[in-house]
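A.B. asks: attaching a predicted model along with its sequence, questions to come.
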Amino acid sequence: MAEPIVTFLYASQMGNSEDISMNLYTTAKEKGYTVERYQFDDHLESFDLTDITTKRVVVIVCSSTGDGDCPDNGSNFYKYLQRHSKTAQEEDGLGNKIFRHLHYTILGLGNSGYSSFQKSPITVNSCFEELGATLFHYFARADEVEGLETEIDPWIKGLWDSLAETVEKVKNEAIVSPEEVKQSEESKDLSDEDEDVFERVTICSKSYESEEYNKVIKLELELERTISESDNIQPGSYISIIPKNSIESVKSFISVCKWDETPHLINRLTTELDFLSHVNQKALKSVLGDSEYLQEGSEFNYLDFFTFINPEKSVNTDILEIIPKMKSRFYSIASDSIDTNKLEICFKVESYQQEDIFQKGHTITKQGVCSSYLHRLSEEDKVEFEVKICKKSLFNTTKKELKYQPPLIFICQGTAVVPLIGVLRRIKRMLDTKEIKGLGNIDFYYGIKNQAHDYLYKEEIEALFEHFASTNPYASFKTHISESMPSDPADKKYVDDIINQDNEDLEYKILVKKGTVYFCCDENKTAKAVENILEEIVGSSKQLGKIFKDGRYKKEVWTRA
Ligand SMILES: Cc1cc2nc3c(=O)[nH]c(=O)nc-3n(C[C@H](O)[C@H](O)[C@H](O)COP(=O)(O)O)c2cc1C
């Protein structure tokens with residue numbers, strides 16, 4: 001961008017703000033800035049703050065008059081600000097943030113003897129904030145009772161450094177116009193088809209991404225049809241699968257309960273009932289009456305429970321009514337699924353340690369029902385099963401969002417890398433099909449246990465970044481890996497630690513360069529820590545909320561069933 005213009009604006013009743021603004025304008029001109037200066041009410045006649053090509057840096061001086069009113073030469077602009085910021089408040093959407101390209105600072109003049117002290121500058125400031133502008137130097141409130149210069153002098157002193165820095169930043173900053181944002185939001189609304197669809201799939205390939213800590217399996221599922229753009233399946237869309245119990249566990253359960261192995265019972269226990277879930281003490285009591293085995297807090301599942309009590313006689317089949325129904329489990333899609341009949345998912349085979357109820361003091365490893373079900377299925381079996389595709393995606397990324405090459409910051413941990421791989425693959429497709437011309441910087445923060453063992457999609461991420469770099473030699477594409485179980489324990493770090501290390505760089509990329517953050521993580525301590533750090537980086541949780549609303553903080557935190 002060419003040298004940005006610094007716009008000085010004032011609203012003044014008796015000339016104080018006007019004089020201060022004039023002095024600032026003159027000094028800025030002497031310092032070599034390209035400058036212009038207007039009173040508020042020249043807005044739209046002589047200048048237009050929504051013009052993203054010429055209006056980027058604004059220095060405001062404004063007083064209060066009457067009963068907290070804006071001076072007469074600013075009252076129309078004052079109403080304009082309030083009207084638009086009300087719309088921005090009432091209607092979500094980036095398109096209403098008509099000042100999001102602006103960096104501003106404001107000096108308010110007032111007198112604390114008035115009950116509406118500084119009301120007009122405070123309102124101007126909150127309208128600029130609501131309309132998406134970024135404060136580049138603090139909002140000063142000068143008080144005649146204290147002596148105006150007590151506040152004005154230090155504010156002016158600090159202004160010049162902040163201005164120099166801001167003008168420099170603005171030169172490299174890409175901004176999307178509010179109209180374009182509005183258009184893309186409207187088209188998003190029209191194409192927003194989030195509904196679920198059922199598909200029959202078979203497994204067409206199965207590979208292991210990592211085996212060291214938890215087995216991580218990559219499955220390619222084959223649909224009976226080709227997925228097209230209009231299906232609106234996005235990176236971050238997910239499938240839900242209702243698992244089946246293994247025939248061995250079903251037979252054990254039937255045997256332990258001393259029931260007859262009928263096809264109907266086998267089918268019901270295989271597909272419908274989750275007898276490997278923890279027992280519900282109250283429900284069991286309602287069927288069995290008081291039993292010495294029914295202790296509060298027991299970790300038994302239904303199979304363990306009836307094995308443990310080892311009944312002499314058969315168990316009443318009424319207990320089938322209290323066993324919970326099999327629930328579906330969700331898996332994010334890693335593939336950029338267009339013009340293909342394949343869907344890729346990647347997950348870890350959930351396993352957890354539990355005290356062995358048959359051998360006190362010993363622990364045994366139990367596996368998650370759905371991941372072990374998928375693990376059991378093999379590509380040779382060609383077993384068909386039904387998945388529900390939930391199209392809704394929190395990571396949907398449009399070419400409009402990437403048009404001005406904003407920095408992209410990815411943050412993830414473990415298998416939560418999966419939907420973000422989908423985003424990277426889609427970005428690559430947009431580049432390859434020339435839907436986008438190039439990319440800005442990408443930082444990929446990934447928390448794993450150990451680089452040598454569970455860096456999922458390592459080769460692919462490296463190849464993608466090499467490819468991205470070939471399209472823009474000026475941008476950087478970096479992976480930042482944290483290891484919680486490194487070879488040298490002194491190097492132990494979590495993903496929140498490495499984000500914290502880069503906080504200043506991230507602040508610049510998110511706030512100044514209007515970058516987008518993609519964050520996917522299991523619901524755990526790290527997820528909370530990452531979010532806390534992001535709040536600190538952008539200034540407050542309110543500010544992070546605003547960035548989220550603007551679509552620049554795309555996050556999904558997984559809760560495990
Ligand atoms: C008639 C009158 C009403 C004022 N009302 C307020 C007020 O409501 N709140 C406030 O903070 N200051 C108020 N002030 C103080 C002015 O904001 C202060 O004098 C300021 O320096 C005037 O700057 P200006 O010449 O740029 O308008 C008032 C001053 C006058 C003379």
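C.D. replies: Done, it's in.
A.B. asks: quick one: low-confidence parts of the chain?
C.D. replies: 1, 92-95, 174-194, 291-298, 311, 560-561 (pLDDT under 70).
A.B. asks: near the ligand, which residues of it are found?
C.D. replies: 12-17, 63-68, 71, 109-111, 114, 116-119, 144 (Cβ under 6 Å from any ligand atom). No exception for glycine: its C-beta is placed from N, CA and C like everyone else's.
A.B. asks: drop anything exposed from these.
C.D. replies: Neighbour-count burial within the residues of the chain next to the ligand applies to 12-13, 16-17, 63-65, 68, 71, 109-111, 114, 117-119; the criterion is 16 or more other Cβ atoms under 10 Å.
A.B. asks: if we only consider those residues, which is nearest to E173?
C.D. replies: S17 (28.6 Å; Cβ to Cβ).
A.B. asks: how near is that closest one to E30?
C.D. replies: 21 Å (Cβ to Cβ, to the nearest Å).
A.B. asks: one more: S205?
C.D. replies: Distance, S205 to E30, using Cβ to Cβ: 69 Å.
A.B. asks: got the contact list for the helix of greatest length in the chain?
C.D. replies: Ranked by number of residues, the top helix in the chain under DSSP state H is helix 148-171. If you take Cβ atoms under 8 Å, 6 or more residues apart in numbering as the criterion, helix 148-171 is touched by 1, 3-4, 6, 16, 20, 24, 27-28, 31, 33, 56-57, 59, 103, 105, 107, 109, 136-138, 140-143, 508, 512-513.
A.B. asks: just the buried residues of those residues.
C.D. replies: For the contacts of helix 148-171, a neighbour count by 16+ other Cβ under 10 Å gives the buried set as 4, 6, 16, 20, 24, 28, 33, 56-57, 59, 103, 105, 107, 109, 136-137, 140-143, 512-513.
A.B. asks: of the contacts of helix 148-171, which belong to strands?
C.D. replies: If you go by DSSP state E, the contacts of helix 148-171 have V6, V57, V59, H103, T105, L107, L109, A140, R141, A142, D143 in strands.
A.B. asks: including distance to S162, could those residues go into a markdown table?
C.D. replies: Output for the ones in strands among the contacts of helix 148-171, formatted as a markdown table (distance: Cβ to Cβ, whole Å):
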| residue | distance to S162 |
| --- | --- |
| V6 | 12 |
| V57 | 10 |
| V59 | 10 |
| H103 | 9 |
| T105 | 7 |
| L107 | 13 |
| L109 | 20 |
| A140 | 12 |
| R141 | 17 |
| A142 | 17 |
| D143 | 22 |
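A.B. asks: in the protein, what residue lies closest to the ligand?
C.D. replies: G110 (2.5 Å; Cβ to the nearest ligand atom).
A.B. asks: could I have the CA atoms of the helix or strand where E36 lies written out in PDB?
C.D. replies: Here E36 sits within strand 34-39, counting by DSSP states H and E. Extracted in PDB, the C-alpha atoms of strand 34-39 (Å, rounded to 0.1, in the frame of the first residue of the first chain):
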ATOM      1  CA  THR A  34       0.600  12.600   4.600                       C
ATOM      2  CA  VAL A  35      -2.200  14.300   6.500                       C
ATOM      3  CA  GLU A  36      -5.700  15.700   6.200                       C
ATOM      4  CA  ARG A  37      -8.000  17.300   8.800                       C
ATOM      5  CA  TYR A  38     -11.800  17.800   9.000                       C
ATOM      6  CA  GLN A  39     -14.500  18.600  11.500                       C
END
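A.B. asks: give the buried residues for it.
C.D. replies: Under 16+ other Cβ under 10 Å, the buried positions of strand 34-39 are V35, R37, Y38, Q39.
A.B. asks: give me the neighbour count for the residue nearest to D318 when sequence neighbours are not counted.
C.D. replies: Using Cβ to Cβ, 6 or more residues apart in numbering and skipping residues adjacent in sequence, the residue nearest D318 is V287, 5.1 Å away. Look at V287: counted by other Cβ atoms under 10 Å, it has 15 neighbours.
A.B. asks: which SSE is immediately downstream of the helix or strand containing V287?
C.D. replies: Using DSSP H and E, V287 sits within helix 281-288. Remark: after helix 281-288, the chain's next helix or strand is helix 302-309, criterion DSSP H and E.
A.B. asks: just how off-centre is the lengthiest strand in the chain within its chain?
C.D. replies: If you go by DSSP E, the chain has its longest strand at strand 196-210. Distance of strand 196-210 from its chain centroid, counting by Cα atoms, centre = their mean, to the nearest Å, is 26 Å.
A.B. asks: and it, what's buried?
C.D. replies: Counting neighbours by 16+ other Cβ under 10 Å, strand 196-210 gives E199, V201, T202, I203, E209, S210 as buried.
A.B. asks: that one pairs with which strands?
C.D. replies: strand 216-227 (antiparallel), strand 385-390 (antiparallel) (DSSP bridges).
A.B. asks: need the CA coordinates for it. CSV is fine.
C.D. replies: Extracted C-alpha coordinates of strand 196-210, given in CSV (Å, rounded to 0.1, in the frame of the first residue of the first chain):
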residue,chain,number,x,y,z
ASP,A,196,-27.4,-34.4,8.2
VAL,A,197,-27.5,-37.1,5.4
PHE,A,198,-27.2,-40.8,5.7
GLU,A,199,-24.8,-42.7,3.5
ARG,A,200,-23.8,-46.4,3.3
VAL,A,201,-20.0,-46.9,3.4
THR,A,202,-17.5,-49.6,3.3
ILE,A,203,-13.9,-49.4,4.4
CYS,A,204,-11.6,-49.2,1.5
SER,A,205,-8.3,-48.7,3.2
LYS,A,206,-6.9,-48.8,6.7
SER,A,207,-3.5,-47.7,7.8
TYR,A,208,-1.8,-46.8,11.1
GLU,A,209,-0.6,-43.3,11.7
SER,A,210,0.9,-44.2,15.1
